[in-house]
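Participant: Have a look at this fold, sequence not included:
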C-alpha cells in the first residue's frame, strides 16, 4: 500500500512539492522560486512555462531526497496562487501571454467601468465578489483585447484559460496529449465568473467580460473520489498517480488548519494575508467589504462556504524592505531590526502597493509611510512594517465580526511570516486575542494533501484529520485596551492618507 500523499504548492513567489505521511508529518520537500516580472508600475506577471518547469523539478527532487518513487504516493493534490490568469493554446501548449498575477492592477479601468455601468451589484450577488483588479475575469478580458490573435483563437476553442491549478493539471495529465482541462470550485469562485449557488459558470457574468464559455475549464469538487486524471508516464512522476484534489491556496490552508466547523477561522501570512471564516453550508453575504467564497467541496457533499478578508501586501512588504530599499538583507533580519525599538515611534507604513484590498477595496490607494520625524530610524520602519501586517489583519477581523457576529477566541495562524515571533506577538497585542501556530506551519500544502488523501480513503474522515493538529506556539496579548485602541486609531488615520492617489475613473 502507498504510504504517502504528495502536494504541489504553486505560490506567488515559488513552487514547492511536499510529501506527507499518514500522521500529517512532513517527509520531504523541495522548493524553487520563479521570476517576478514587473513590466511597468502596477503590472505583475509570471512565466507559466517557467512555473511548469519548476513544478517538474521540485517533484523530482523531493522524491529523490526521500528515496521514494511514484508508486509510494497514494494520491496527489494541488494548491495554488488564486486569481492569477493563464491563457494558452491547447494545440501547442504554449501560453499566449505571461500569467497576469493576482496583484496586477492593469485592469483597474475594467473594474471601474463595471461599477459605473451598474454591473457591480450583479457580480456581488452572483459571485460574492466586488469588481476588482484582484480577480481573474478582468485579466482574461485584457488578454482577449490586447494580445493579437487570442480573441479569434478563443472563439474557435483553441485558446483556453485557467488559474495555475488548471495549467498544472493540464500539463501533469498529458498537456497536448490528452491533458485534462479542469479546475475546482474554490478557484472558480475567484474569477467573478461563477455563480456561488449553482457552482457553474454564469452566462450573464461571462457577457460582462466578453469571455467565450469554451475557454473555461470544467468545475469539479475540491476533493474528488473520481479524480481529475492521473499523471502521465514521462512526466515528473514517471507513472500514474491519481490527481484527486485541487484548492486555492487559502482554502487549502483552511483545510490544513482543520477548520471544518462553522465559526472556525485561520489567517495565512504569505505574500499577502488571507483570513477565512468557515460559515458552513450557509452562504453569508458581506456588507463590510469581505468576500463570500467557496471554502471547499468534498465529493458530492454540499459545498462549504467562507467569509474571506484578502490583504494584498504583507509578507511582500518585508521583501520590499529587502529588495527595493536594502534596509534588511533577509526576511529574518526584519525581526532583529524591529526589536531594537520598543514601539513604532509614531511611524505607520500602509503598503498599498496594489491598492487596498479588504475591507476597503480601493484601487486608487498607494503605499505611504507617515509620521516620520528625524528621531526615527530604520528600526522604526521595520517595526511599522510588521505592525502593518497585523493592523491590516485587525481591519479584516473587525469586518468579519460585523458580518458574522462571531468574535474570535483565538486566531489560528500559518505561513512563512509566522516564523517571525515578534510579528506574532504584535498580532496578539493588536487583536487582543491569543494567536496559535500549529506544529506544521505550512498548512497550505498539508491541506491539499489532506483533500487528496480523503478522496482516496488514505484518510477516512475530517475527524481523523483533526487528531493530527497540534499547537506549536501560542502568543497572548500584553497591551492594555488603551494602548491597543490608540495604536489602531493611528493606523486608521494613516490609511486615509493613502486614498485618492491614483486616478482610475
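Facilitator: Right, received. Where do you want to start? Fair warning: this is a prediction, and the values are worked out from it, not measured in the lab.
Participant: ok, now which ones touch residue 100?
Facilitator: 44, 45, 84, 85, 106, 139, 142, 143 (Cβ atoms under 8 Å, 6 or more residues apart in numbering). No exception for glycine: its C-beta is placed from N, CA and C like everyone else's.
Participant: What is the neighbour count of the second one?
Facilitator: Under the neighbour criterion other Cβ atoms under 10 Å, residue 45 is assigned a count of 19.
Participant: Tell me if I'm right that it and residue 12 touch.
Facilitator: No: because the distance of 11.7 Å does not satisfy Cβ atoms under 8 Å, residue 45 is recorded as not touching residue 12.
Participant: any idea how far residue 109 is from residue 503?
Facilitator: As judged by Cβ to Cβ, to the nearest Å, residue 503 and residue 109 stand 10 Å apart.
Participant: Now the common contact residues for residue 45 and residue 12.
Facilitator: With Cβ under 8 Å, 6+ apart, residue 45 and residue 12 have common neighbours residue 101.
Participant: shaky segments in the stretch 1-150 of the chain?
Facilitator: Scanning the stretch 1-150 of the chain for pLDDT under 70 picks out the ranges 1.
Participant: all helices in it, in order from the N-terminus.
Facilitator: 48-66, 108-116, 120-127, 136-146, 150-155 (DSSP state H, counting those that start in this stretch).
Participant: Point out the one among those helices that comes closest to residue 94.
Facilitator: helix 48-66 (7.7 Å; Cβ to Cβ).
Participant: Any buried residues in that closest one, and which?
Facilitator: For helix 48-66, burial by neighbour count (16 or more other Cβ atoms under 10 Å) applies to 48-56, 58-63, 66.
Participant: Could you list the low-pLDDT ranges of this protein?
Facilitator: In the chain (pLDDT under 70), the answer is 1, 233-236, 238, 504-505.
Participant: Now with 50, please.
Facilitator: Within the chain, not a single segment meets pLDDT under 50.
Participant: quick check: longest helix of it.
Facilitator: helix 378-404 (DSSP state H).
Participant: Just list what the helix or strand following that helix packs against, helices and strands only.
Facilitator: The helix or strand immediately downstream of helix 378-404 is strand 411-414, counting by DSSP states H and E. With contacts defined as 3 or more Cβ pairs under 8 Å, 6 or more residues apart in numbering; DSSP states H and E, strand 411-414 has these neighbours: strand 265-269, helix 421-431, strand 435-438.
Participant: Of those, which stretch is the most buried?
Facilitator: Each of these was given a mean neighbour count from mean count of other Cβ atoms under 10 Å, and the largest, a mean of 28, is that of strand 265-269.
Participant: And that strand, how far out from the chain middle?
Facilitator: How far strand 265-269 lies from its chain's middle: 11 Å, per Cα atoms, centre = their mean, to the nearest Å.
Participant: what number of residues lie near residue 284?
Facilitator: Counted with other Cβ under 10 Å, residues neighbouring residue 284 total 19.
Participant: And for it, nearest residue in space, chain neighbours not counted?
Facilitator: Nearest-residue entry for residue 284: residue 307, 5.7 Å, with adjacent residues in sequence omitted and distances by Cβ to Cβ, 6 or more residues apart in numbering.
Participant: Give the partner strands of the strand or helix carrying the one you found in its sheet and their orientations.
Facilitator: Assigned by DSSP H and E, residue 307 belongs to strand 304-311. Strand partners for strand 304-311, identified by DSSP bridges, are recorded as strand 273-280 (antiparallel), strand 291-296 (antiparallel).
Participant: Wait, residue 299 touches residue 220, no?
Facilitator: No: contact criterion Cβ under 8 Å: residue 299 and residue 220 do not qualify, at 10.2 Å.
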